[in-house]
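Participant: Predicted model and sequence below, questions to follow.
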Amino acid sequence: MINKIINQKALIAFALLLVPSITFAQDAEINGANTAWILTSTALVLFMTLPGLALFYGGLVRTRNVLSVLMQCFSIAVVISILWLLVGYSIAFGPSESLYWGGLSKAMFSGIVVDSVSGDIPETVFASFQMTFAIITPALMVGAFAERIKFSSMLLFCSLWTLFIYFPVANWVWGGGWLGQMGLIDFAGGTVVHVTAGVGALVTALFIGKREGFLTTPMMPHNLTMSFTGAGMLWVGWFGFNAGSALAADGSAGMAMFVTHISAATGALTWMAIEWIKYGKPSGLGAITGMVAGLATITPASGSVGPAGALLVGLSGGVICYFATTYLKQKIKIDDSLDVFPVHGVGGIVGTFLAGILVSSNLGIFSGNGLADGVTMGSQVMVQITGIVAVGAYTAVVTFVLLKIVSAVTSGIRVTTEQEQVGLDITDHDEKGYSM
């Protein structure tokens, strides 16, 4: 009897010893600090779209179209979130052995439960963070066709565009696809976000055509105060965009945050300086546009360059994006309404290219994190160029095909001349942004 009691007590004691050890093993799989940071970053990136990008774009259009732009950004966030759940996450980050897409094994988040882990953070947190990137990318294109696209056409086009362009390209670069295996440096979306959105915006602007009165009638921003507010939100939210892409609360995230800030500030100052020299006065619109150019340009390189390198990236983005904007509108007269391609597209291209150079550890004060073993600067630059050209060409072709399909399905993608004159707030939503 005594032996039986002793044995029972021993079993209980052994079981009690196992409980904390089992709990400890589960806790060790999840890093609390990293999880908290990516949760925060997810909120910051969504904050960039809603309300940041919506307000930034909303203030730049004319009064009669402000609500339509806000509605476009908002509805894109709604629809792409559902699409991400259905198939997007699986296509971008599924376990398929294909080098071009992730398959459908994780459609509807199949197999993803509370205990699922991606690295040392919950997979749900990783998936939520990546979802916010999928949301903002088509939302960036809104600026290219603002004030002249049917709401129904816009929603269908952006959904198909995200499905057939963003999801596969995300897999190519970040999901184990062919560009990632080649060694493309794209820390937070130079190709995946900015090149795709920029090229898609350019093709769409060409396809839809110019606004009535483009370059003959003044089309000034109706509320720069609103745009400044949105720009500030973009700047803050971009810390989650770039520093969050480290997927850890560590030194890499800290450096990414710092170089992001330096590039944004340099881009804004550069744009202001150019206007000051050319026109005698720097404009508020130029300052916030230069800031966005600096942010777009540093995005692919934010995990590779140091502070001095970020200064060069921001300067390059400010100068090149400024002259690209002027050339596109005034020289070849393409009506990319809110300069999506010359700022985001060109910025993404420049930043992706510079990442292949400034990552080198042999550039003195401008040195970056260092090239991978066995990789030379020349070979890395060739990989960067390959990524830019492949993503840009694929995006251009598929965007054009999708526009043709959407135009046929919706009986024309553009509103009528009369609807354009009345404004999309009334014609699309039977509401006004302002009651006066």
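Facilitator: That came through, no problem. Numbering: from 1, shown residues only.
Participant: for the protein, which spans come out with low pLDDT?
Facilitator: Scanning the chain with the threshold set as pLDDT under 70 gives 1-28, 436.
Participant: switch to 90 and redo it
Facilitator: Residue ranges of the chain with pLDDT under 90: 1-29, 97, 115, 435-436.
Participant: Verify the contact between Q421 and T217 for me.
Facilitator: No - in this structure Q421 lies outside contact range of T217 using CB atoms under 8 Å: 10.9 Å. Yep, even glycine has a C-beta here, placed from its N, CA and C like the rest.
Participant: Tell me which of these two has more neighbours.
Facilitator: Counted by other CB atoms under 10 Å, Q421 and T217 do not tie: Q421 has more neighbours, with 12 against 8.
Participant: Can you give me every residue that contacts N31?
Facilitator: When contacts are counted by CB atoms under 8 Å, 6 or more residues apart in numbering, N31 touches D120, I121, A248.
Participant: Looks to me like the last one is in a helix.
Facilitator: No - secondary structure assignment places A248 outside any helix; it is coil (DSSP: H, G, I helix; E, B strand; the rest coil).
Participant: which residues do Q421 and T217 both contact?
Facilitator: When contacts are counted by CB under 8 Å, 6+ apart, Q421 and T217 have no shared neighbour.
Participant: residues in contact with T266?
Facilitator: In this structure, T266 makes contact with G294, A310, L311, V313, G314, L315, G317, G318, judged by CB under 8 Å, 6+ apart.
Participant: Point me to the helix or strand that includes the third one.
Facilitator: Looking back up the chat, that one is L311. In this structure, L311 sits in helix 307-326 according to DSSP states H and E.
Participant: hang on, the earlier thing: out of the contacts of N31, which end up buried?
Facilitator: I121, A248 (16 or more other CB atoms under 10 Å).
Participant: As a markdown table, the contacts of N31 with distance to P282 would be great.
Facilitator: A markdown table is the format used below for the contacts of N31 (distance: CB to CB, whole Å):
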| residue | distance to P282 |
| --- | --- |
| D120 | 45 |
| I121 | 42 |
| A248 | 38 |
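Participant: Dump the contacts of T266 into TSV; add neighbour count and distance to A396 as well.
Facilitator: As requested, the contacts of T266 are arranged in TSV below (neighbours: other CB atoms under 10 Å; distance: CB to CB, whole Å):
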residue	neighbour count	distance to A396
G294	35	25
A310	29	30
L311	18	32
V313	31	25
G314	30	27
L315	18	28
G317	33	22
G318	29	26
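Participant: Greatest separation within these: which pair is it?
Facilitator: The two members of these with the most space between them (CB to CB) are A310 and G318, at 12.3 Å.
Participant: where along the stretch 151-300 of the chain do the helices fall?
Facilitator: 151-161, 167-174, 178-182, 196-208, 224-243, 251-279, 284-298 (DSSP state H, counting those that start in this stretch).
Participant: The first one packs against which elements?
Facilitator: Contact analysis of helix 151-161 by 3 or more CB pairs under 8 Å, 6 or more residues apart in numbering; DSSP states H and E lists helix 66-83, helix 123-141, helix 377-409, helix 424-429 as its packing neighbours.
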